[in-house]
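S.K.: Return atomic coordinates for the entry below.
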Amino acid sequence: MKRHLLSLVAIAAMALGSSAYAGPVIIDGTDSADHGDNSGGTNNLGWEYMQRALTNLGSSVSGSVNKTVQVIGADTGSQAYNAITSAFNLSGLIGAGWNIQYVQGAAAINAFMGALSTANTGILYMSTAGLVGGDMDAAELAAVNASSAAINTFVSGAGNPAQGGALFSQGEFGTNAYGWLSALIPGIVSTSVGTGGVGTDILLTAAGATAFPGLTNADLAGADPWHNHFSGNLGGLSVLGRTAAGEQVILGGGAGTVLQCGQPGQPACPTPEPGSMLLVAAAGLALLGVRRRRFGL
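M.R.: Numbering: from 1, shown residues only. The predicted model follows:
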């Protein structure tokens, strides 16, 4: 995995779509916190993946957001806590003026999510659930699931004249896993493969290859085991990584990514796996032409 795999988290820097306000998003089915360490002051494997993810997300959100990474549901001193802390400490965020804070316990999560905004958060990191020592327990996950509307408002940039905040979420296991995601995107299906995970390699999609020029499938051979894959309606998300068998393991997009789409008052859903932004532009021009003909414009 090492350094080539880590380019995969440049989702935020390589925008697949454009919107005035929404922030970058990474939703993957891995538990990278459980597959790495800090050795000699250097993050390895999954921890380095998380380090690069934070750096890229931080470089993609607007400078007007509060430069704070808010960590949801990682217990102090645990594997989940140590991984995200080490990832932050060695990322490029500290030098850019960022800090990190932790929200622990269901009551605290409920209170925090009620006040979530880009005035207090730049990157919302939601720990894994039921996969890594010290990650979100059932009560904490329930608090997150009850906050789906707040998460969507935060990412979409509603009420923010600059841009929405960034979201980084990883694997979840247990009852009501990804309840917040299914509440935002009805019809999305998150499938758990269990706590043991699957060692099948994650491969770049066309959208992933466009987002990460020079990255090859061989570079991603170490991106396992993973624990969740996604299917059904993906809303405003794009698929960037899937297995040869078709399991869609990594979703997301750069600045401009929205979660909800296609409904009245919401942005249009993206063209699935665009080879380039020309495809998106062509689709938009075609729709404009239909509208003009229909209304005699």
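
S.K.: and stretch 125-141, which residues are buried?
M.R.: For stretch 125-141, the buried set under the neighbour-count rule, 16 or more other CB atoms under 10 Å, comprises 125-136, 140-141. Every C-beta, even on glycine, is put in place using the N, C-alpha and C of the backbone.

S.K.: what about the helices in the chain?
M.R.: Counting by DSSP state H, the segments of the chain that form helices are 2-6, 46-60, 79-89, 106-114, 138-145, 148-156, 179-184, 206-211, 277-294.

S.K.: I'd like the mean pLDDT over the first one, please.
M.R.: The predicted model assigns helix 2-6 a mean pLDDT of 45.

S.K.: What segments of the stretch 101-250 of the chain are strands?
M.R.: In chain order, the stretch 101-250 of the chain shows strands spanning 123-126, 166-169, 188-192, 203-204, 228-232, 238-242, 248-253, with DSSP state E, counting those that start in this stretch as the criterion.

S.K.: Of these, which shows the lowest average pLDDT?
M.R.: Within the strands of the stretch 101-250 of the chain, confidence is poorest for strand 203-204, with a mean of 80 (mean pLDDT).

S.K.: List the neighbouring strands of that strand plus their orientation.
M.R.: Strand 203-204 has the following sheet partners, assigned by DSSP bridges: strand 238-242 (antiparallel).

S.K.: can you tell me which residues contact residue 195?
M.R.: Taking CB atoms under 8 Å, 6 or more residues apart in numbering as the criterion, residue 195 is in contact with 130-131, 173, 227.

S.K.: measure residue 99 to residue 87 for me?
M.R.: Taken as CB to CB, to the nearest Å, the spacing of residue 99 relative to residue 87 amounts to 14 Å.

S.K.: State the number of residues packed around the closest residue to residue 191 other than its chain neighbours.
M.R.: On the basis of CB to CB, 6 or more residues apart in numbering, the spatially nearest residue to residue 191 that is not a chain neighbour turns out to be residue 229, at 5.4 Å. Taking other CB atoms under 10 Å as the neighbour definition, residue 229 ends up with a count of 26.

S.K.: With residue 63 instead?
M.R.: If we define neighbours as other CB under 10 Å, then residue 63 has 10 of them.

S.K.: mind listing what the residue nearest to residue 191 touches?
M.R.: Contacts for residue 229 (CB under 8 Å, 6+ apart) come out as 29, 190-191, 193, 242-243, 247-249.

S.K.: So how do I select the buried members of those in ChimeraX?
M.R.: Of these, the buried ones go into a single ChimeraX selection, burial set by 16+ other CB under 10 Å:
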select :29,190,193,242,243,247,248,249
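
S.K.: Which one of the contacts of residue 229 is nearest to residue 108?
M.R.: For residue 108, the nearest member of the contacts of residue 229 is residue 190. The distance, counting by CB to CB, is 25.2 Å.

S.K.: and that closest one, how far is that from residue 173?
M.R.: Summarising the geometry, the distance separating residue 190 from residue 173, computed by CB to CB, is 10 Å.

S.K.: what is in contact with those two at once?
M.R.: The contact sets of residue 190 and residue 173 overlap at residue 228 (CB under 8 Å, 6+ apart).

S.K.: coming back round to it: please say which of residue 99 and residue 87 ends up with more neighbours.
M.R.: When residue 99 is set against residue 87 and neighbours are counted by other CB under 10 Å, the residue ahead is residue 87, at 29 against 12.

S.K.: how about the more buried one, what does it touch?
M.R.: Contacts were defined as CB under 8 Å, 6+ apart; by that measure residue 87 touches 43, 47-48, 50-51, 53-54.

S.K.: ok now stretch 245-262, how far from the chain's centre?
M.R.: 8 Å (CA atoms, centre = their mean, to the nearest Å).
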